[in-house]
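*Asks:* using only what follows, build the 3D model:
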Amino acid sequence: MLSSGASILVSVSLALLAGTAPALAQGQDDCANAQPISGLGSFAFDNSVAVMDGLADPLCDAFGTQDIDQDVWFAWTATDDGLHRLSTCNQTGVDTKVAVYDGSCTAAMLACNDDACGLQSETSWSAVNGQMYILRIGTFPGAIGGTGQVTITSDQPVLNPANGHYYMYISSPLDWAAAEAEAQTLMHQGVPGHLVTVADAAENDFLVNTFGQRCWIGAFQDYGAPGYSEPSGGWSWVTGEAWTYDSWGSGEPNDYGAGEDWAETWATGDWNDMPISTGNVTGYYVEFDGGGDPFGSNYCIGAPNSTGAGAEMSATGSPSIASNNLTLRAEPVPAGQMGVFFYGPAQILVPFGNGYLCAGAGSVGLFRLYPPIPANAAGLLSRAVDYTSPPQPAAQVAAGSVWNFQAWYRDPQAGGAAFNFSDGFEITFDL
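*Replies:* Down below sits the predicted model:
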């Protein structure tokens, strides 16, 4: 039991973990000798005198060509599971075109992009820890090569606490059908993605407030639907779920010029019907459905840390004591930094360190879930909770009990106290 939760949490001595990317990486001109790299970070490339080595692929179809010219190659090994983003945005003056292959030069192409951000490129795919991926960094055919940086980051979706689903925005000029196909290749926590489906105004508002992008959503007109008619009949979701809500803009849908049978959302949250292929829509929303009914509720404040955001608590599994399958999560936390989950019976809001103490001791105490654990490369801190092994008898989690959880973590790059907290997360447990 913590007589002073704050002082004992601060007393935890934690090691620093760090990684660096190879500074001299430039890429090889032939795929067979692709330059080995690994982990997250920025890697230099130089395709000034490179010649085309790879084959055309339908996934790379952009502006009338499926080729990537002046390509250099890297053999990148993932150091964590999950979604990853490859980007040359704001890092070169080259008109880039990039692709990712599944493990070898002859393997399937997983992702490709031409102009996600002006003339530069950005694409995402699901990586598996320890697996190698071939990265192809080239130019749009006819463009001039040069030097620059390509950045590989862990690209984690954002949790919507209201429904337990995760969401992300992908910048890409793909048409609606290709965007849905690519969304289905993305995975998060073992759940495949799909173009977003919007069940109500609250979910629509979440997308606007979190991302605020003009992009594709998972709505289309089903020509075989009993109520199909132009312009407003037969609209359906890619998941097959019931069409119970819409947010069409003024005068939409209107099937302007015919063939506008797929939906985009504007940054304001208003929807518009569009042709399946258009240069005006340059991205899409992906949704990863939850594994069950959401549980738990967030409260208090997760103050911003050195990632630029505040760490938010969530949980997977269930609040069932019999199932004993609860896993606590806090993200984003600075990658590699150590943290500790703790819990108590009360809710408080006390400024402390670089953040706020949200879980209070009440008359019982605060309890830590040891040992400390590092955040993974994606900035995720997670720990399974075993109800059969409480830290102390007074910390026993039982059916009908209500506990408030929080994460403490180191953040030396932020300065100040060099540590911070997530927000709080209340869970009511059941049988």
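*Asks:* close enough to count as contact, residue 374 and residue 336?
*Replies:* Yes. Using Cβ atoms under 8 Å, residue 374 is in contact with residue 336, at 5.7 Å. Where C-beta positions appear, they are placed from N, C-alpha and C, glycine not excepted.
*Asks:* how is the protein carved up into domains?
*Replies:* Here the domain assignment for the chain is 31-154, 162-288, 295-428, based on automatic domain parsing.
*Asks:* would you turn those domains into JSON lines with mean pLDDT and mean neighbour count?
*Replies:* Formatted as JSON lines, the entries for the domains of the chain read as follows, by pLDDT from 0 to 100; neighbours: other Cβ atoms under 10 Å:
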{"stretch": "domain 31-154", "mean pLDDT": "92", "mean neighbour count": "19"}
{"stretch": "domain 162-288", "mean pLDDT": "91", "mean neighbour count": "18"}
{"stretch": "domain 295-428", "mean pLDDT": "92", "mean neighbour count": "19"}
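*Asks:* how near is residue 210 to residue 282?
*Replies:* Distance from residue 210 to residue 282, counting by Cβ to Cβ, to the nearest Å: 18 Å.
*Asks:* do the same with residue 259
*Replies:* In this view, residue 259 and residue 282 are 20 Å apart by Cβ to Cβ.
*Asks:* for the helix or strand harbouring residue 408, packing partners?
*Replies:* Following DSSP states H and E, the helix or strand that holds residue 408 is strand 402-410. Here strand 402-410 is seen to pack against strand 312-316, strand 327-331, strand 338-344, strand 355-360, strand 419-421, strand 424-428 when contacts are counted using 3 or more Cβ pairs under 8 Å, 6 or more residues apart in numbering; DSSP states H and E.
*Asks:* now do 6 Å
*Replies:* If you count contacts as 3 or more Cβ pairs under 6 Å, 6 or more residues apart in numbering; DSSP states H and E, strand 402-410 packs onto strand 338-344, strand 355-360, strand 419-421, strand 424-428.
*Asks:* what are the pairing partners of the second one, and which direction each?
*Replies:* Based on DSSP bridges, the pairing partners of strand 355-360 within the sheet are strand 346-352 (antiparallel).
*Asks:* what angle separates the partner strand from strand 424-428?
*Replies:* Here strand 346-352 runs at an angle of 170 degrees relative to strand 424-428 (axes from the mean of the first three to the mean of the last three Cα atoms, to 10 degrees).
*Asks:* and the contacts of strand 346-352?
*Replies:* Where contact means Cβ atoms under 6 Å, 6 or more residues apart in numbering, the residues beyond strand 346-352 that reach it are 6, 300, 356, 357, 360, 362, 404.
*Asks:* surely the second one meets residue 424?
*Replies:* Yes. Judged on Cβ atoms under 6 Å, residue 300 makes contact with residue 424 at a distance of 4.0 Å.
*Asks:* find residues that contact each of these two.
*Replies:* Shared contacts of residue 300 and residue 424, counting by Cβ under 6 Å, 6+ apart, come down to residue 358.
*Asks:* could I get the contacts of strand 346-352 as TSV with distance to residue 198?
*Replies:* Putting those into TSV (distance: Cβ to Cβ, whole Å) gives the following:
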residue	distance to residue 198
6	42
300	29
356	33
357	37
360	37
362	40
404	32
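*Asks:* OK, contacts around residue 114?
*Replies:* Residues counted as contacts of residue 114 (Cβ under 6 Å, 6+ apart) are 62, 97, 140.
*Asks:* cool, and residue 138?
*Replies:* The contact partners of residue 138, taken as Cβ under 6 Å, 6+ apart, are 68, 69, 70, 71, 97.
*Asks:* and the host helix or strand of it, which strands flank it?
*Replies:* Counting by DSSP H and E, the element that carries residue 138 is strand 132-139. In the sheet containing strand 132-139, its partner strands are strand 69-77 (antiparallel), strand 96-101 (antiparallel), by DSSP bridges.
*Asks:* Throw these into TSV and include distance to residue 172, thanks.
*Replies:* As requested, those are exported to TSV (distance: least, Cβ to Cβ, whole Å):
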stretch	distance to residue 172
strand 69-77	19
strand 96-101	11
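*Asks:* go through these and name the closest to residue 170.
*Replies:* For the strands paired with strand 132-139, distance to residue 170 was read as Cβ to Cβ. The smallest value, 13.4 Å, belongs to strand 96-101.
*Asks:* can you pull out the residues in contact with the closest one?
*Replies:* In this structure, residues lying in contact with strand 96-101 by Cβ under 6 Å, 6+ apart are 68, 86, 88, 107, 109-114, 120-121, 125, 133-138, 140.
*Asks:* immediately after it, which helix or strand?
*Replies:* Of the helices and strands lying after strand 96-101 in sequence (DSSP H and E), the nearest is strand 109-113.
*Asks:* which residue packs closest to the residue in the chain sticking out farthest from the centre, ignoring adjacent ones?
*Replies:* Most distant from the centre of the chain: residue 363, at 39.1 Å, with distances by Cα atoms, centre = their mean. Taking Cβ to Cβ, 6 or more residues apart in numbering, and ignoring the residues beside it in sequence, residue 363 has residue 345 as its nearest neighbour in space, at 7.7 Å.
*Asks:* where's that neighbour relative to residue 263, distance?
*Replies:* Summarising the geometry, the distance separating residue 345 from residue 263, computed by Cβ to Cβ, is 47 Å.
*Asks:* hang on, residue 202 in a helix?
*Replies:* Yes. Following the definition DSSP: H, G, I helix; E, B strand; the rest coil, residue 202 is counted among the residues of a helix.
*Asks:* from residue 182, how far off is the residue lying closest to it once chain neighbours are set aside?
*Replies:* Sequence neighbours aside, residue 162 is the residue nearest to residue 202 in space, at 6.0 Å (criterion: Cβ to Cβ, 6+ apart). Plainly put, residue 162 is 26 Å away from residue 182 if you go by Cβ to Cβ.
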